[in-house]
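> Quick one: sequence plus predicted model below, questions after.
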Amino acid sequence: MVLITGCSSGIGRAVALRAVRAGFTTVATARKPESLAELEAAGCLVRALDVTDAEARHRVVEELDKKHGGVDALVNNAGYGELGPFEEVPLDRWDRQFQTNVFGPVALTQLVLPGMRERGYGRIVNVSSLAGKIVLPVGAAYHASKFALEAAMEALWLEVHRFGIEVSLVLPGAVNSRWADNVPEQNEYASGAYGDLVSELARQMAERLPRGASVEYASSVVMRALTESRPRLRYPVGADARVLLPLSRMVPARLWSAWVRSHFPSIRHPAPRPVNPPTVDRTRR
Ligand SMILES: NC(=O)c1ccc[n+]([C@@H]2O[C@H](COP(=O)([O-])OP(=O)(O)OC[C@H]3O[C@@H](n4cnc5c(N)ncnc54)[C@H](OP(=O)(O)O)[C@@H]3O)[C@@H](O)[C@H]2O)c1
């Protein structure tokens, strides 16, 4: 049985449809169960699950353990992008970002691992992001959450392979989904010190996301991670991810940041050096 989070739309919904059509017992979950009617009609079992809700996580996994023999594969797909300048994104928004993109998937994974270890088989597939490997301005909270997911799941991969459990990270670049509509309100940042950067990122997203990979293609990559006999740790999705992932590792940091800056006119040039640089007052304690 495969348990999938964030199935109200986009990649999660497309994975659920593919999985059920491929003959897997598929449990599609979402915060609003009414958004799952179509998946239920297609044959999925549907359950309400907000990944940030500890009680709901326990309830769903416990029920699947008792009534359906446990979860063989978990797809941690639910997620969103908290975009905004590092300085101005309030800490409670950072917290919600991490609860959703990191702690929810970690906690769900912890719940399904004991059963997987007992049965000697399991798949944990995480929909991470190219944003978990490369960094753009105005995305500190989102990047940090996906970097954290990447690191946590890579550690898990090392730990559980010997129990017959495979862990994969799917890294989409731009995907043409509802993702941008789910980015929390950014108006408050527009008039701040970083307003120019915020509007540059918004413009780039409006240009790039509709031209990104389709959710159908992204879901086919998730299915590969679920079904290949020897799944890989990382699966890039889309031309941008396939090019930028290796490039970001090979190119020296200075060159890489120059390339990133070239896409954001307001940070293209470094700050001019002050004529009389302030000196550190060594007498003050
Ligand atoms: N689209 C892209 O360009 C792109 C690129 C790289 C990575 N990704 C990643 O791909 C994954 C899927 O995104 P998508 O592109 O398919 O966008 P999407 O259509 O916005 O799907 C995101 C899903 O996550 C759900 N979700 C958000 N917070 C949740 C929570 N607390 N509990 C349960 N579900 C929650 C949303 O449900 P609601 O309807 O309840 O909000 C929605 O079903 C995300 O992890 C995203 O970060 C997307």
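Structure's in. What do you need? The structure displayed is predicted, hence computed values, not measured ones.
> now the helix or strand in which Glu188 is found, how far from the centre of its chain.
If you go by DSSP states H and E, Glu188 is part of helix 187-190. With C-alpha atoms, centre = their mean, to the nearest Å as the basis, helix 187-190 stands 24 Å off its chain's centre.
> May I have the residues that are in contact with the nearest residue to His58 once chain neighbours are set aside?
Distance criterion C-beta to C-beta, 6 or more residues apart in numbering; nearest residue to His58, sequence neighbours excluded, is Leu111 at 6.9 Å. For the C-beta atoms, the positions are set from N, CA and C on the backbone; glycine is no exception. Neighbouring residues of Leu111 by C-beta atoms under 8 Å, 6 or more residues apart in numbering: 57-58, 61.
> about what we covered before: from the contact counts, what lies against the next helix or strand after the helix holding Glu188?
Counting by DSSP H and E, the next helix or strand C-terminal to helix 187-190 is helix 195-208. Applying 3 or more C-beta pairs under 8 Å, 6 or more residues apart in numbering; DSSP states H and E, one finds that helix 195-208 contacts helix 187-190.
> Give me the helices and strands touching the helix it packs on, please.
The contact analysis (3+ C-beta pairs under 8 Å, 6+ apart) places helix 187-190 against helix 195-208.
> Now for the residue lying closest to Ala206 once chain neighbours are set aside, how many residues are close by?
Spatial nearest neighbour of Ala206, chain neighbours left out: Ala180 (7.5 Å); criterion: C-beta to C-beta, 6+ apart. Neighbour count of Ala180, defined by other C-beta atoms under 10 Å: 16.
> Would you mind naming what in this structure lies close to the ligand?
5-6, 8-12, 30-32, 35, 50-52, 77-80, 100, 127, 129, 172, 174-175, 177-179, 182, 209, 212, 215 (C-beta under 6 Å from any ligand atom).
> In helices only, show me those.
10-12, 215 (DSSP state H).
> Let's see which of the residues of the chain next to the ligand end up in strands.
30, 127, 172 (DSSP state E).
> how close does Pro114 get to Pro105?
Distance, Pro114 to Pro105, by C-beta to C-beta, to the nearest Å: 17 Å.
> and Pro114, what element?
Per DSSP H and E: helix 104-119 holds Pro114.
> List the buried residues for that helix?
By neighbour count on 16 or more other C-beta atoms under 10 Å, the buried set for helix 104-119 is 104-109, 111-113, 115-116.
> now do stretch 40-53
The neighbour-count check on stretch 40-53 (16+ other C-beta under 10 Å) flags 43-53 as buried.
> Report the beta-bridge partners for the nearest residue to His161 once chain neighbours are set aside.
Distance criterion C-beta to C-beta, 6+ apart; nearest residue to His161, sequence neighbours excluded, is Val167 at 7.9 Å. Val167 has the following beta-bridge partners by DSSP bridges: Ile124.
> same question, the one 5 residues further on
For Pro172, the beta-bridge partners under DSSP bridges are Val237.
> Would you mind confirming that it is in contact with Ala218?
Yes: at 5.2 Å, Pro172 and Ala218 qualify as touching, with contact defined as C-beta atoms under 8 Å.
> Now for the two: what residues contact both?
Common contact partners of Pro172 and Ala218 (C-beta under 8 Å, 6+ apart): 11, 127, 237-238.
> okay if I get those residues as JSON lines plus pLDDT, distance to Pro272 and neighbour count?
Output for these, formatted as JSON lines (pLDDT from 0 to 100; distance: C-beta to C-beta, whole Å; neighbours: other C-beta atoms under 10 Å):
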{"residue": "Ile11", "pLDDT": "98", "distance to Pro272": "44", "neighbour count": "30"}
{"residue": "Val127", "pLDDT": "98", "distance to Pro272": "42", "neighbour count": "33"}
{"residue": "Val237", "pLDDT": "98", "distance to Pro272": "40", "neighbour count": "26"}
{"residue": "Gly238", "pLDDT": "97", "distance to Pro272": "38", "neighbour count": "22"}
